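Asks: Sequence and predicted structure below; questions after.
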Amino acid sequence: MDNVMTVNREKAFQQKRWSNVFGNENKYFVFFAALIFLTVLLRDYFDVPIHKYVLLMIVVVAFIYLSESFLIAYFAFLIPFLPGLPGNYIVAAAIFFLILKQGKIVLNGYMFAAYAFLLLQLFHLFLYQSSIGGFVKFSLYIILIALVLLKKEKNERPALVLLSFGMGVIAAFTIILLNTLKYMPLSLLIKNGIRLGNIATVNAQFDVTDITLTLDQNTLGYFCAIALSLFLVLLFSKKLSPPWAVVCIVIAFIYGSLTLSRTFIVISVGVIAYYFLMNLRISKNSILASTSLAASIMSIFIVIQTFFPTTFQFIMKRFQEADLTNGRAEIWNQYQEFMLAKLDRLIFGIGIQEMHVKAGFFHVPHNGFQQIFVAGGIVGFLLFMIFLFGLYRCNKARYKDGNERIYLLPIITLFVYIQALQFLSPHIMMLPLIVVFCALRISDGADLKRH
């Protein structure tokens, strides 16, 4: 009995010690996240000259101090900010410190599939319009995703990763919105139906060579849709209280709507409908989640009707255009004919770099899966599908009462959305894979209330 009591006391002491450690680290995590937000805000909105290496130094210090799981969460927060940061350097730093904190490099069959896909892209360097620098940049993103999601030890705080990405999207969009309002008032933006996202649409003197936080409208809508699905998962899993979940869902939907993206509207409505149908079971948790969702929908309509009354009118006008695919169907057919024209293209593809130049077209593929196929042919497509399947296998947890269908929502959102977007390039489009597959680990991870 004495031995049992001694063991219990030791366990209680260890739990209390780690709770204090995580509690302190959580404060520093919030500090570094707030510091990046405020620094980018000062640079972009208040025009304070801040060199990009100052931002890089902040991120590196955070990577040094934070533990592995908090580092992943912090990187998730940074994903929407990367276009306004020295993104490639940050990805490289994240890889370096992850390997350092993991203490070893774990290899498995799914990693070999990812690296085989990179090897195939290496062979394409012998084609024109390809560079070793472009290959290295693309490789960094694939390696980072593999290091985070294909390791044996699971992330201890997947809920924090989801919340961090969602809050990062809201924070980044807020800066873009404020920066946009410097050049054009909100009333004029709404009246003219200008899509929020790219600062160049409202600032004629915008210098694309300057590092400024700006995102393509479709990319911003893509991030908002994924954030919306993540907030719903956090609501269902009770990792985020209903009042805060409602606020986050409302903001994510309104911000996404301001991009006037038809894809965002269709996907978001589908996400909400899917979530509602999956919660039709009569249980306390389902009733609470459905009630919170209903409150979110009501709040969305009230806010939009009050502050953005013409937003839906412009969205409906976009749905009334003759070509709802906005030329994507034609682009799809062009690339399919191009790939089928020669056997070597069909089998091995033409590489990820400058594929529209190699194919002689004006646009790159606007379908994520087609982009993978064009880059790697049948061989590359199969290798990448094995890699994606590995991400699922390595992160799938055991669920009760069919709850897996809820935790699959972010993954479904991402793969449905990229049917109308690029995926491999710009490389930032791949990074939400880190977040959506972490959603599968929610039931095994630590509670946000405790950490």
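Replies: All right, it came through fine.

Asks: Any figure for the gap between Phe165 and Ile72?
Replies: Using Cβ to Cβ, to the nearest Å, Phe165 is found at 10 Å from Ile72. (Each C-beta comes from the backbone N, C-alpha and C, glycine too.)

Asks: likewise Leu82?
Replies: In terms of Cβ to Cβ, Leu82 sits 15 Å off from Ile72.

Asks: Tell me which of the two has more neighbours.
Replies: The residue with more neighbours, out of Leu82 and Ile72, is Ile72; 27 against 21, by other Cβ atoms under 10 Å.

Asks: Now do the helices in the stretch 1-150 of the chain.
Replies: 2-44, 52-65, 68-78, 87-102, 109-123, 132-149 (DSSP state H, counting those that start in this stretch).

Asks: ok, of the ones you listed, where does mean pLDDT dip lowest?
Replies: Lowest mean pLDDT within the helices of the stretch 1-150 of the chain: helix 2-44, a mean of 70.

Asks: pLDDT averaged over stretch 245-259, what's the number?
Replies: 89.

Asks: Return the residues in contact with Leu125.
Replies: By Cβ atoms under 8 Å, 6 or more residues apart in numbering, the contact list for Leu125 reads 131-132, 135, 351.

Asks: Identify the farthest-apart pair in these.
Replies: Longest distance between any two of the contacts of Leu125 is 12.4 Å, between Ile132 and Gly351; criterion Cβ to Cβ.

Asks: How about Leu35: what's its closest non-neighbour residue?
Replies: Of all residues not flanking Leu35 in the chain, Ile58 sits nearest, at 5.8 Å (Cβ to Cβ, 6 or more residues apart in numbering).

Asks: how many neighbours does that neighbour have?
Replies: 16.

Asks: For it, give me its contacts.
Replies: Applying Cβ under 8 Å, 6+ apart, the residues near Ile58 are 32, 35-36, 39.

Asks: quick check, nearest of those to Phe264?
Replies: Nearest to Phe264 among the contacts of Ile58, with distances taken as Cβ to Cβ, is Ile36, at 25.2 Å.

Asks: so that closest one touches Val54, yeah?
Replies: No - shown here, Ile36 and Val54 do not form a contact pair, counting by Cβ atoms under 8 Å, at 10.8 Å.

Asks: Can you pick out the residue with more neighbours from these two?
Replies: Ile36 (22 against 11).

Asks: Now do the more buried one against Leu66, distance only.
Replies: In terms of Cβ to Cβ, Ile36 sits 13 Å off from Leu66.

Asks: What of Val202?
Replies: For Val202, the distance to Leu66 - Cβ to Cβ - is 36 Å.

Asks: Looking only at neighbour counts, state which of the two leads.
Replies: Between Val202 and Leu66, counted using other Cβ under 10 Å, Leu66 has the larger neighbour count: 21 against 18.

Asks: So that one is in contact with Tyr28, correct?
Replies: Yes - under the criterion of Cβ under 8 Å, Leu66 makes contact with Tyr28 at 7.0 Å.

Asks: For stretch 201-211, the averaged confidence score.
Replies: 69.

Asks: swap that for stretch 397-404, please
Replies: 66.

Asks: Can you measure across it, start residue to end residue?
Replies: End-to-end distance of stretch 397-404: 8 Å, with Cα to Cα, to the nearest Å as the criterion.

Asks: repeat for stretch 43-50
Replies: Its first and final residues considered, stretch 43-50 spans 6 Å by Cα to Cα.

Asks: Check stretch 36-53 too.
Replies: Stretch 36-53: ends 12 Å apart by Cα to Cα.

Asks: Any buried residues in that stretch, and which?
Replies: 36-37, 39-41, 43-45, 50 (16 or more other Cβ atoms under 10 Å).

Asks: May I ask which two of these are separated the most?
Replies: Ile36 and Tyr45 (14.2 Å).

Asks: just checking, Tyr45 touches Asn179?
Replies: Yes - applying Cβ under 8 Å, one finds Tyr45 in contact with Asn179, separated by 5.5 Å.
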